[in-house]
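Q: Sequence below, structure please.
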Amino acid sequence: MKRVISLWFPRLPTDRLARLDPNWRERPGATLASVSGGQRLASVNETAQRAGLYRNLKLADARAILPALQTTPEDIGADKRLLARLASWCDRYTPWVALDDMPDQPGYGLFLDITGCAHLFGGGDQGESRLLDDLVTRLEKLGFACRAGLADTAGAAWAMAHYGTSTRAHRIVAPGGQRQALAELEIAALRLPAEAVETLNRLGLRRIADLYSLP
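A: Residues are numbered from 1 along each chain as shown. Model (predicted):
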């Protein structure tokens, strides 16, 4: 049975900057994107997030909340090159690693097909858990915030990494258990366009389980 990890780096741009300059970890910071109507926050570090800042917030509004915010223009090319290096680094776990190319979703991600690989970390379910623990722990020690989900399909793994509510850094869905595991997640976990999510929410459909009884 196929088993896939979705690995999500919600703050990759600011983590990259923090590895170059410790101030980017200690002080609130954000990268900026130029859009029609001005500049918006493209990515925020953990300190800025705790202060109430978030992606797509207008820079003027961010400054009103946090005048001491440090900023720099986003560098998508540098972020993508770093993600490619992380993909190569992940080949210690599996030779099958792919970029998660979801431009409308926050953060950067990877997919790892670990089918037949988890036994190298132990027998049974422990192998998967130990593999994920090792993966997430190593990346955190390198200075990267990350979340991971593991399931039979890339979509279910992605949903758990992005929307799973576990207090742990990752969620493991037992083989064949994705229908039950996804039920309580919000509909956005299905990787639908924002317009579709908004329409479904207006119809009162907010959880994935709300869709199960529909044709």
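
Q: How far does stretch 91-102 sit from its chain's centre?
A: 14 Å (Cα atoms, centre = their mean, to the nearest Å).

Q: list the buried ones in that stretch?
A: Across stretch 91-102, burial judged by 16 or more other Cβ atoms under 10 Å covers 93-94, 97, 100. Yep, even glycine has a C-beta here, placed from its N, CA and C like the rest.

Q: who's in contact with that stretch?
A: Contacts of stretch 91-102 from elsewhere in the structure, counted by Cβ atoms under 8 Å, 6 or more residues apart in numbering, are 6-8, 83-84, 87-88, 90, 108-115, 117, 131, 135, 158, 191.

Q: Alpha carbons only: can I get that stretch in CSV?
A: Included here for stretch 91-102 are C-alpha records, laid out as CSV according to Å, rounded to 0.1, in the frame of the first residue of the first chain:
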residue,chain,number,x,y,z
ASP,A,91,16.6,11.5,0.0
ARG,A,92,18.0,10.0,3.2
TYR,A,93,14.5,8.8,3.9
THR,A,94,13.3,7.9,0.3
PRO,A,95,14.5,8.4,-3.2
TRP,A,96,11.1,9.6,-4.3
VAL,A,97,10.7,13.3,-3.3
ALA,A,98,8.7,15.9,-5.2
LEU,A,99,8.0,19.6,-4.8
ASP,A,100,4.5,20.5,-3.6
ASP,A,101,3.6,23.1,-6.2
MET,A,102,0.5,24.8,-4.8
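
Q: What mean pLDDT does that stretch get?
A: Along stretch 91-102, the predicted local confidence has a mean pLDDT of 90.

Q: One more: stretch 109-120?
A: What stretch 109-120 shows for mean pLDDT is 89.

Q: end to end, how far does it reach?
A: Using Cα to Cα, to the nearest Å, the span of stretch 109-120 from its first residue to its last is 24 Å.

Q: Burial check on the residue lying closest to Arg27 once chain neighbours are set aside, number of neighbours?
A: Once flanking residues are discounted, Arg27 sits nearest to Gln70: 5.7 Å by Cβ to Cβ, 6 or more residues apart in numbering. For Gln70, the count of nearby residues is 16 (other Cβ atoms under 10 Å).

Q: Could you double-check that Gln70 lies in contact with Trp24?
A: Yes: checked against Cβ atoms under 8 Å, the pair Gln70 and Trp24 is within contact range at 7.4 Å.

Q: any weak-confidence spans in this structure?
A: For the chain, residues meeting the criterion pLDDT under 70 lie at 102-106, 123-125, 166-170.

Q: ok, which stretches of it are helices?
A: Counting by DSSP state H, residue ranges of the helices within the chain are 12-20, 23-26, 46-50, 59-65, 76-89, 124-141, 154-163, 178-182, 194-202.

Q: so which of those helices gets nearest Pro215?
A: helix 194-202 (14.6 Å; Cβ to Cβ).

Q: Put the alpha carbons of the closest one into CSV.
A: As requested, the backbone C-alpha atoms of helix 194-202 are provided in CSV (Å, rounded to 0.1, in the frame of the first residue of the first chain):
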residue,chain,number,x,y,z
ALA,A,194,-10.8,29.9,-2.3
GLU,A,195,-13.9,30.8,-4.3
ALA,A,196,-15.2,27.3,-4.0
VAL,A,197,-14.6,27.2,-0.3
GLU,A,198,-16.4,30.4,0.2
THR,A,199,-19.4,29.2,-1.8
LEU,A,200,-19.6,25.9,0.1
ASN,A,201,-19.4,27.8,3.4
ARG,A,202,-22.2,30.1,2.4
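
Q: Thank you, goodbye.
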